[in-house]
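J.: Quick one: sequence and predicted model below, then my questions.
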Amino acid sequence: MKKLFITLLVLASFTLGLCPGVSAGEKVLKIGISKEPAKLNPVLIPGIYGEALAGNIFDTLISFKESASTPAPCLAKSWEITQDGKQYTFHLRKDVKFHNGQPFTSADVKFTLEAIMDPANASPSKEFFAPVDRVEAVDDYTVTLYLKNAYAPLLLALGSATSGILPKEPASRVGMDAFDRHPVGTGAFMFVEWLPDERIVLKKNPDYFLTTPHLDKVIFRPVPKPEVMAAEIESGGLDIAHQMLPQDISRLAKDDRLNVMTIPGLGNSYIGFSHKKMPFADVRFRKAVYHSVPFDAAIKGIWRGVGERAYSWIPRGVFPEDTQYMQKAALSHDPKQAKAYFDELKKEGFLKEGFEFPIYTSQNPYRVKIATAVATELRKYGLKARVESLEWGTLFPILKADSGFYIMGWGSVPDPDRWTYKIFHSGSSMNFSKYELPDIDKALDLGRTLVGADKRGEQYKYVMRKALARDYIHIPLVFKSVTAVCSKRVKGFEPSAQDYFHLVTEKRNVTVE
Amino acid sequence: MLNYTLRRLMLLVPLLFFISVMIFGILKLTPGDPAMVLLGDRATKEALELTREKFALNKPVHIQYIKMMTHLFTGELKSIYYRENVIMVVLKKMKPTLELGGAAMVLAVLVSIPAGIISAVKRNSFFDYASMTTALFGISIPVFFTGILLIYFFAVKLRLLPASGYGGSMFTLEGMRHLIMPAFVLSFTLMASTTRITRASMLDVIKEDYIRTARAKGVREFGVIMVHAFKNALMPVTTNLGNQIARLFAGAVLTETVFAWPGVGRLAVNAIFRRDEPLVFGCVLILSFIYVVVNLMVDLFYGVINPQIRYE
């Protein structure tokens, strides 16, 4: 009994311990991230994991943090665009300082944008600035971008986390790689340390130009297993957790110490077919697959309330809204029709009885499940599909080389160009279906260069209707919701549709009690 | 013994060379392009080419191998992901792994050797059956299952220990709290095999004539077991523990992933997923070196246990 008491006493004393790097009395927010970002330097950030964090260290000229469709002033207090859409002039704020104390000026903007465009830096964001001819610092607080041609998505590119403004000094001196490990920005939080696979620590920027952040420190902790992420938020090891499994989310929703917040997301999953390889290249095969699987029921069962059925690549409510048309054009579960198409293909010799093929997909658990469901249904029609769930490094080259049948996803900012150009344009590396049609290319190019929402909208509607409601080159499956689970001690946090962590904006200042 | 040690150390050179060729070959046969993984799906062709050039990924395979080896020896081999010297990256991650492995080993030895001895001495007793059944579970249950189970019980339900993460040095309160669960999980398989081997080895020795003689001479039972029997049964146990070092690193890969432990195991796994070829190369070579050195130490330890062993 005495031993048990001593043991409990020791364990209890352990529980009083604090997290590493945390001092008593500090307002510290601990956020669990499913994957560590590859980069924090905006010029080098290759994907969403870096973007999700970088917005707290760096600011952009304009901001989409509060409204995904309307740009708000940020480092630029105002801007003008010429009528032909070829000249953008930004008037910068004069009260902004970098974390190292240097004043923010137009030279920093020019340096950052030129760094993105410089081939030597191999910036993954370079293509978003391809139409920019030159950047001119007119005076210390005015910058003008001259474009080769009108380019509607430019504002979106400038408002993305990958366009966060770097200080010319020290970035130009130390180089992009070294700067990545010791980033300096103008954002609400200053970089403290990055211990790979362990934590990224940021601290309050008391001179932040928007407001003084309430939080003293923010700790981002990579927790790779979703089950462990759920256990961490449940046990109080984290204040905010995301990217969890549906079964964990429904359990956590019953915990009165936690807030579960779900909003519609901007990440989709879809089935893709090759436009070049038979039998996938035959539209009857694609329609047969569409008819053969009860997608509504399968999606409901697999995503279990954390996803909304998709009918297009452009999410509901995002410009140009065309969900009604696309929903009507979607094919329903019709086994008779599916069989008729498959029989036709077999009769014509395009499809052999017992045809074996792989369904390539990532290791995303939802996509693996839907791939298994599709493979199971196709067996009823004599097709032997097998699921090949591969990690990204192996999968990407297979998809690029035309895999035939695949299930993938895409997440983006809410502009139709980002949703479509990379996927449907013949010159794009992400056109895994090899769907290369001149009229689609033309519409996508026009969508970039036309000025005026109506004209642009028509082009994207044309692309979606042709690709998904006539050629059925993809079967859109779902737009996954974004769910963040927060401890009730966190105040003011809201998840973003892109699953970014916006902690201080013009409208919010997250804190912990 | 000095000659023997030196000769074994000399043998390390061809062995590590062979390992390096093997790893490099496997890396090159693995599908995937490091530049594509690094730059993501938005990368332009130009950016990909530039990155391949920067890391010599577009050079012929034998040139890449020579470059990698040269850079490793001159200390210039840099991780593609961390942009830091590979040796430094691995060494930084070595501390958490050694803490985890060391604690697991100590825990395993403290539990499994006494359990094995008692099981052998009290053969077919309740304790024997209980410990052997537990050992069977230890060998059969995968690390991620035990890990999640412990997390659920001790972190979520009892809220006694942190669910995951590294709390700093194991000699601090916070460090120790974070270490308990992963160390126990990692030690579980090690405990299982060591208990079984200790028991089997003790059972062999207990049957020997000299044990009967010791008892006949009136030596107390504790002395018979610990001095006469256990010392002679120690050889296979030591060999097993030495071999388990490799299993410890292999087990650490899973344990570190489940418990978000920032060690070499997780580093190596992430490096493979990120196609960070120099880092995978460095990690495996360093771990192979440790494994070989530990095995040499085990061989030398035989001489300490049994002075009859001579090294020639």
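T.: Happy to help now that I have it. Everything numeric in this text was worked out from a predicted model, so none of it was measured.
J.: Give me the pLDDT value at residue 72.
T.: Using chain A. Here the pLDDT value assigned to residue A:72 is 89.
J.: could you do chain B instead?
T.: In this model, residue B:72 carries a pLDDT of 83.
J.: Tell me how many other residues crowd the closest residue to chain A within the stretch 1-150 of chain B.
T.: Residue nearest to chain A within the stretch 1-150 of chain B: residue B:40 (3.0 Å; Cβ to the nearest Cβ). Every C-beta, even on glycine, is put in place using the N, C-alpha and C of the backbone. The local packing of residue B:40 (other Cβ atoms under 10 Å in any protein chain shown) involves 19 other residues.
J.: and the helix or strand harbouring residue A:287, which residues are buried?
T.: Following DSSP states H and E, the helix or strand that holds residue A:287 is helix A:283-292. For helix A:283-292, burial by neighbour count (16 or more other Cβ atoms under 10 Å in any protein chain shown) applies to A:284-292.
J.: Now residue A:189: closest residue in space that isn't a chain neighbour?
T.: Distances taken as Cβ to Cβ, 6 or more residues apart in numbering or on different chains put residue A:202 closest to residue A:189, at 3.7 Å, once the chain neighbours are dropped.
J.: Next one, pLDDT for the residue lying closest to the residue of the stretch 1-150 of chain B closest to chain A once chain neighbours are set aside please.
T.: Spatial nearest neighbour of residue B:40, excluding adjacent residues (Cβ to Cβ, 6+ apart): residue A:46 at 3.0 Å. pLDDT, residue A:46: 82.
J.: Which of the three states applies to the residue in chain A positioned nearest to chain B?
T.: Using Cβ to the nearest Cβ, the single residue of chain A nearest to chain B is residue A:46, 3.0 Å away. Of the three states, residue A:46 takes coil under DSSP: H, G, I helix; E, B strand; the rest coil.
J.: Touching, it and residue B:38? I think so.
T.: Yes - with contacts counted by Cβ atoms under 8 Å, residue A:46 reaches residue B:38, the gap being 7.0 Å.
J.: give me every residue that touches residue 43.
T.: Picked chain A for this. Neighbouring residues of residue A:43 by Cβ atoms under 8 Å, 6 or more residues apart in numbering or on different chains: A:112, A:115-116, A:121, A:123, A:125, A:162, A:166, A:176.
J.: wait, I meant chain B there
T.: A:46, A:122, A:124, A:429, B:35-36, B:51.
J.: at 7 Å instead, please
T.: A:124, B:36 (Cβ atoms under 7 Å, 6 or more residues apart in numbering or on different chains).
J.: just to confirm, which helix or strand has it in it?
T.: Applying DSSP H and E, one finds residue B:43 in no helix or strand.
J.: Looks to me like residue B:130 is in a strand.
T.: No - if the criterion is three-state DSSP, then residue B:130 is helix and not within a strand.
J.: How many residues are close by it?
T.: Using other Cβ under 10 Å, residue B:130 has 12 neighbouring residues.
J.: Check the one 4 residues further on too.
T.: The burial metric for residue B:134, expressed as a neighbour count using other Cβ under 10 Å, is 16.
J.: Name the nearest residue to residue A:373, ignoring sequence neighbours.
T.: Excluding the flanking residues, the one nearest residue A:373 by Cβ to Cβ, 6+ apart is residue A:298, at 4.7 Å.
J.: hmm, back to that, so the residue nearest to residue B:40 touches residue B:44, yeah?
T.: No - contact criterion Cβ atoms under 7 Å: residue A:46 and residue B:44 do not qualify, at 11.9 Å.
J.: Which one's more surrounded, the two?
T.: Neighbours per residue, other Cβ under 10 Å: of residue A:46 and residue B:44, the larger number sits with residue A:46, 24 against 18.
J.: dump the residue contacts of that one.
T.: Neighbours of residue A:46 in contact, by Cβ under 7 Å, 6+ apart: A:38-39, A:124, B:39-40, B:42.
J.: Got a quick ChimeraX command for the buried subset of the residues you listed?
T.: Burial among those is assessed by 16+ other Cβ under 10 Å; the matching ChimeraX selection reads:
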select /A:38,39,124 /B:39,40,42
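J.: May I have the phi/psi pair for residue A:360?
T.: The phi and psi values for residue A:360, taken as degrees, to the nearest 10, are phi -80, psi 140.
J.: Distance check, it against residue B:31.
T.: 12 Å (Cβ to Cβ, to the nearest Å).
J.: At the contact with chain B, which residues of the stretch 51-200 of chain A appear?
T.: With Cβ under 7 Å from any Cβ of the partner chain as the criterion, the stretch 51-200 of chain A meets chain B at residues A:119, A:122-127, A:177, A:195-198.
J.: quick one: which of these has the most company?
T.: With neighbours taken as other Cβ under 10 Å, the top of those is residue A:123, carrying 27 neighbours.
J.: and residue A:483, which of the three is it?
T.: strand.
J.: hang on, the earlier thing: the residue nearest to residue A:373 touches residue A:370, doesn't it?
T.: Yes - using Cβ under 7 Å, residue A:298 is in contact with residue A:370, at 6.2 Å.
J.: out of these two, which sits in the busier spot?
T.: residue A:370 (26 against 20).
J.: Quick one: residues contacting the more buried one.
T.: Applying Cβ under 7 Å, 6+ apart to residue A:370 gives the contacts A:298, A:302, A:407, A:477.
J.: Lovely, talk soon.
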